[in-house]
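Chemist: Next come a sequence and a model predicted from it.
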Amino acid sequence: ESKGKRRNPLHDFKKTGELMLIKVNKTLEVKTKLLNTTEQCAKRCSRNKGLSFTCKAFAYDRVTKRCHWLSFNSLTNGVRKKQDHAFDLYEKKDYVRNCIIGKGADYKGTISVTKSGIQCQAWNSMIPHEH
């Protein structure tokens, strides 16, 4: 990376325009704040700054310039999608990606079977074979 040039925090997020997530499960957490840019929202979500939960996504209200940090994403149980022209949804790629990068140590996706359909072995198990 070149000196003085900062990495765009939005790079870690998948954007879906005109979509908001509605929590049906009341235990899921949301925090909102007035912020001018989606980059500021992304930066705070990535660092979990000022949040009592792990931020998995955020929705940005373009009309009110309000950021909604979410403890869930579109794949979470108890969540429904809602078409909304005021919002853009940004989901952390780590939580919605269905592929493993490198050795998979940081994988947070939802796939738990091999390409051939065999159930994956738990990371903390040495059965049926060692890692």
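Modeler: Looks like it came in fine. Residues are numbered from 1 along each chain as shown.

Chemist: those strands in this structure, which residues are they?
Modeler: Chain-ordered strands for the chain, with DSSP state E as the definition, fall at 13-23, 30-34, 57-61, 66-70, 79-92.

Chemist: List of residues touching the third one?
Modeler: By C-beta atoms under 8 Å, 6 or more residues apart in numbering, the list of residues contacting strand 57-61 from outside reads 13, 19-21, 38, 41-42, 45, 66-70, 72-74, 86-92, 95. For every residue, glycine as well, the C-beta is placed using N, CA and C.

Chemist: any idea of the angle that strand forms with strand 13-23?
Modeler: Using axes from the mean of the first three to the mean of the last three C-alpha atoms, to 10 degrees, the inter-axis angle of strand 57-61 relative to strand 13-23 is 80 degrees.

Chemist: ok, strand 57-61: who's next to it in the sheet?
Modeler: Strand 57-61 pairs in its sheet with strand 66-70 (antiparallel), strand 79-92 (antiparallel), by DSSP bridges.
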